[in-house]
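Participant: no sequence on this one, just coordinates:
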């Protein structure tokens, strides 16, 4: 079997060796494909685990049986899709930046390369207490999901622990207005840390109106954590 990927959308395919050199259209995005030779390495085992590939599918619109492939251009090992390369770079930078930083830690990641993270923050912030009043909380967890449209679209972020913040609710963290495809994932994580510390908040268009009103009336008590949230390695 030959396993290869669409350079446009990253869809993974597996086809019989006899399909080598045939031209096809990607079943996912419709981009033109050429099936590589069986001997051509598609991905480095050091950066990609073949056991983690999704269920294999054959591409559509392959050259009909009996058609000569002599006109097919020689196939070179295809490059990894842009999104895959970005995910690999993100994973390495997340490890480098946060591995020795006590305030922010990567608890878990899943996907190969990772596209789902659980991040833990040890930052003085607030949670909702009885009567809607905030109470101190210093341990927080969030989940960051990198969708198929990442990095063009911002990651989906949600809280896994209680929080009391104008721009955070249990199912959403307001980061979309500030996201650009060139931003590093580590920078987003640090910005969320600054939000948890009330070093950054917006009461003009809040997700939590009650928290926004409290923050407006208690500005002298903010931020809740004055420590620098930036790891030294983040500047590299």
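Facilitator: Done, it's in. If you're wondering where the values come from, they're calculated on a predicted model, not measured in any experiment.
Participant: which one's the longest helix in this structure?
Facilitator: Ranked by residue count, the top helix of the chain under DSSP state H comes out as helix 82-98.
Participant: could I get the average pLDDT for that helix?
Facilitator: Mean pLDDT, helix 82-98: 95.
Participant: just stretch 134-147 next, same as before
Facilitator: Here the average pLDDT along stretch 134-147 is 97.
Participant: now it: buried residues?
Facilitator: 134, 137, 140, 142-144, 146 (16 or more other Cβ atoms under 10 Å). The way it works is simple: take the backbone N, C-alpha and C, and place the C-beta from them, glycine included.
Participant: could you list the domains of this protein?
Facilitator: 1-80, 83-235 (automatic domain parsing).
Participant: so which of the ones you listed is the most surrounded?
Facilitator: domain 83-235 (a mean of 17; mean count of other Cβ atoms under 10 Å).
Participant: so how far is the first residue of it from its last?
Facilitator: 23 Å (Cα to Cα, to the nearest Å).
Participant: gap between that domain and the chain center?
Facilitator: Centroid separation for domain 83-235 versus its chain: 13 Å, with Cα atoms, centre = their mean, to the nearest Å.
Participant: could you do stretch 30-37 as well?
Facilitator: Put simply, stretch 30-37 sits 27 Å off its chain's centre (Cα atoms, centre = their mean).
Participant: okay, how far is it across that stretch, tip to tip?
Facilitator: Stretch 30-37 has its terminal residues 21 Å apart, counting by Cα to Cα.
Participant: kindly report the same for stretch 13-22.
Facilitator: Termini of stretch 13-22 sit 13 Å apart (Cα to Cα).
Participant: and that stretch, what's its mean pLDDT?
Facilitator: 81.
Participant: same thing with stretch 164-182?
Facilitator: Here the average pLDDT along stretch 164-182 is 88.
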